[in-house]
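> need coordinates for the following:
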Amino acid sequence: MKEIDRRDFIKTITIGGAVLGLTGVIFHKPLEALASGKYDIGQCKSVKVKCVSELGWFDNKNLMTSIKAAGGPSANQWSIPWDLRNAAGSCSLIDMETIDGRHHKFLLDAGWNHQYMDEALKREGIDKMLKNGEIEFLFISHEHMDHWWGLETVLKYNPEIKIFIPSTFYPEAMHFISGAEFLKSSARNRIPHRGKLVQIKPKTINKLYDGCAAVAFDVPTLIRIRGEESLYFNVKDQGIVCVTGCCHQTILKFADYAQDKIEGGENMYGVYGGLHIAPFGPLEEKQEQLVKGMAKYKFKKVACNHCTGLPAVQKMVELGYPVVEGTGRFGSKSKLYVGNGDEVLFA
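Below is the predicted model:
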């Protein structure tokens, strides 16, 4: 594992090319469309999501101060001197049951602060699940630090775990997977990944299991991040469940994609994850319209958290949406949404 700052990393790329040391890097083979133009991802029996942590960081002001000091929203996350005392992380455990009763477990994201994430993984027994191979893969939604700079914490329990990433990952991110430390940003992965690395291309539907598919959206967002991959589940007799890390593509585009492209998409059952509506402050007019736009899907369960923002969740409750409540434990700031240690079942 090599210690490196971003300037030296870019110099290495420019002059001699970085030796990433990645093995088993492949692209997932997408599904082919039916004659109708839609895609049949099959059906599953149920999806249970355990929120390991939805708390990306502790204090918004601290985070925004770091970003502003580094040049604002266009700054590169790998060059920002983050305050790790403010770092937590986003991570969820997904347990999908197939029609024939088999279970597939995998992690959505790996969090940020190593100590915080290690405590969260141990609290939920995920450290043991990783060690015994019970968790089949790690699905990284996007490059933001609070979703995957805790990679080392996962790899120390299983360095050979399969990892899914969007194909839009930048060179620094690929280097990070192979084992690197970016000094200025305090991003560290001292355990090189030794398993398969699977890339998902944007605008393709990638079936992972019967009733489960991954789709990457090529969207830019702040601190030089590009792309986000999310999950769709088709629960028998219920409908489509949309599962996301931050939903930078917006919940409307995320759900519209299912309705337009996936067989059974006319029945929208539920949503889980961060919806990136009002993560840093009050609900403005544009954001309120986004919340109101969700009404057309008639979700039966709305289990939003993380970057959705409490003002957005409060608006959903006001509009009568079926918001799934939590317990407010382990640092989550409200019982109004699914928080740390809480579960939601789509079945």
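
> C-alpha only now, for contacts and for neighbours.
Noted.

> direction included, what does the helix or strand harbouring Q199 pair against?
Assigned by DSSP states H and E, Q199 falls within strand 197-200. Counting by DSSP bridges, the strands paired with strand 197-200 are strand 25-27 (parallel), strand 162-166 (parallel).

> and the next helix or strand after the longest one, average pLDDT?
On the C-terminal side of strand 162-166, the closest following helix or strand by DSSP H and E is helix 171-179. In this model, helix 171-179 has an average pLDDT of 97.

> so where's the stretch 1-150 of the chain uncertain?
1-23 (pLDDT under 70).

> where do the helices sit along it?
6-15, 60-69, 114-123, 126-131, 145-148 (DSSP state H, counting those that start in this stretch).

> nearest to F106, out of those helices?
Of all the helices of the stretch 1-150 of the chain, helix 126-131 sits nearest to F106, with 9.4 Å by C-alpha to C-alpha.

> which strands and helices sit next to that closest one?
helix 114-123 (3 or more C-alpha pairs under 8 Å, 6 or more residues apart in numbering; DSSP states H and E).

> give me the residues contacting the helix it packs on.
By C-alpha atoms under 8 Å, 6 or more residues apart in numbering, the residues outside helix 114-123 that reach it are 52-53, 88-89, 110-111, 127-128, 150, 152-153.

> quick one: which of these sit in strands?
Among the contacts of helix 114-123, the members found in strands (DSSP state E) are 52-53.

> list just the nearest of the contacts of helix 114-123 to V344.
V52 (11.9 Å).

> got a list of what that closest one touches?
Taking C-alpha under 8 Å, 6+ apart as the test, what V52 contacts is 90-93, 120-121, 124, 340-342.

> check Q43 too.
Per C-alpha under 8 Å, 6+ apart, neighbours of Q43: 98-99, 210-212, 233-236.

> grab the nearest non-local neighbour of it.
Residue nearest to Q43 in three dimensions, not counting chain neighbours: G211, with 3.7 Å by C-alpha to C-alpha, 6 or more residues apart in numbering.

> before we move on, back to that, which among the contacts of helix 114-123 count as buried?
Applying 16 or more other C-alpha atoms under 10 Å to those, the neighbour count classes 52-53, 88-89, 110-111, 127, 150, 152-153 as buried.

> tell me the secondary structure of A255, please.
Of the three states, A255 takes helix according to DSSP: H, G, I helix; E, B strand; the rest coil.

> leaving out sequence neighbours, find the closest residue to it.
C242 is the one closest to A255 (C-alpha to C-alpha, 6+ apart), at 7.1 Å.

> where's the one you found relative to P220, distance?
Per C-alpha to C-alpha, to the nearest Å, C242 is found 20 Å from P220.

> and those two? Which one has more around it.
C242 (22 against 13; other C-alpha atoms under 10 Å).

> OK, contacts around that one?
230-233, 254-255, 270-272.

> which residues in the stretch 151-300 of the chain form helices?
Counting by DSSP H, counting those that start in this stretch, the stretch 151-300 of the chain has helices at residues 151-155, 171-179, 251-261, 285-293.

> separation between the spatially most central residue of the chain and S92?
Most central in the chain under C-alpha atoms, centre = their mean is G245, positioned 2.9 Å from the mean C-alpha point. Distance, G245 to S92, by C-alpha to C-alpha: 9 Å.

> check contacts around the residue nearest to L336 when sequence neighbours are not counted.
Excluding its sequence neighbours, the residue lying closest to L336 (C-alpha to C-alpha, 6+ apart) is E325, at 4.8 Å. Residues counted as contacts of E325 (C-alpha under 8 Å, 6+ apart) are 303, 335-338.

> related to what we said a few turns ago, could you dump the contacts of helix 114-123 to TSV with distance to P73?
Formatted as TSV, the contacts of helix 114-123 follow (distance: C-alpha to C-alpha, whole Å):
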residue	distance to P73
V52	28
S53	25
A88	20
G89	20
A110	23
G111	21
D127	35
K128	38
G150	22
E152	26
T153	28
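
> farthest-apart pair in the contacts of helix 114-123, please.
A88 and K128 (20.9 Å).

> related to what we said a few turns ago, for the residue nearest to L336, give its distance to G339.
Applying C-alpha to C-alpha, the value for E325 to G339 is 8 Å.

> same question for L252.
L252 sits 23 Å away from G339, going by C-alpha to C-alpha.

> before we move on, the earlier item: highest average neighbour count across the helices of the stretch 1-150 of the chain?
helix 145-148 (a mean of 25; mean count of other C-alpha atoms under 10 Å).

> name the residues that touch that helix?
Against helix 145-148 from outside (C-alpha under 8 Å, 6+ apart): 56-57, 77, 87-91, 109-113, 140-142, 245.

> now do it: distance to the chain's middle.
8 Å (C-alpha atoms, centre = their mean, to the nearest Å).

> out of the buried ones among the contacts of helix 114-123, who's nearest H276?
G89 (15.1 Å).

> okay but the closest one is in contact with L108, surely?
No: under the criterion of C-alpha atoms under 8 Å, G89 makes no contact with L108, lying 11.4 Å away.
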